[in-house]
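Engineer: Sequence first, then the predicted structure, then my questions.
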Amino acid sequence: MAAREAQMSACMMPDGSVRPYDAANEPRPCAIGNGSRDGFLFNCNAHPLGKFFQHTIKGAIMQTIRRVHDKEIPRYDRQAYVYDVQDAKIEAVEKRMDGLESGIREVRDLQKQILYAIIALFGASILTLIGVIAGRAIDFKVFLP
């Protein structure tokens, strides 16, 4: 097998150093095995294994996705999980969920009111502290020549 033309590229290693490598003939040195979270092991545009994925495997995946979108989704029965008969248990669960949602809304409103009260107390404390410091400064004639 003839050697492919070299396509030099650079890869940043985990220690911060930059290592040059041949993208057409070598795996990426910064990618650790096929389980790497730092990209593919082989260059997708230059290395034969990357080209195999891009042109063969990816094409099959895209064709499967198109088939599902075009043929399978329209055949899906959207009413399959809608119950015509109202069961007492389902009604009880729905009623309980409505109660929980309104309770969550009330808690959020209460949290906002408490937060505003804390902010107001903090602001008042800061203003009081400033007043005390300024009063003490006047008592000790710090600001007056």
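Structural biologist: Structure's in. What do you need?

Engineer: Got phi/psi on residue 7?
Structural biologist: Dihedral pair for residue 7: phi -120, psi 100, per degrees, to the nearest 10.

Engineer: does it really touch residue 46, like I thought?
Structural biologist: Yes. The criterion here is Cβ atoms under 8 Å, and residue 7 meets it with residue 46 at 4.7 Å. Every C-beta, even on glycine, is put in place using the N, C-alpha and C of the backbone.

Engineer: Which one's more surrounded, the two?
Structural biologist: The neighbour count for residue 7 versus residue 46, taken as other Cβ atoms under 10 Å, is higher for residue 46 (18 against 14).

Engineer: Could you check the pLDDT of that one?
Structural biologist: With respect to pLDDT, residue 46 scores 79.

Engineer: got it, and residue 99?
Structural biologist: Predicted confidence (pLDDT) for residue 99: 80.
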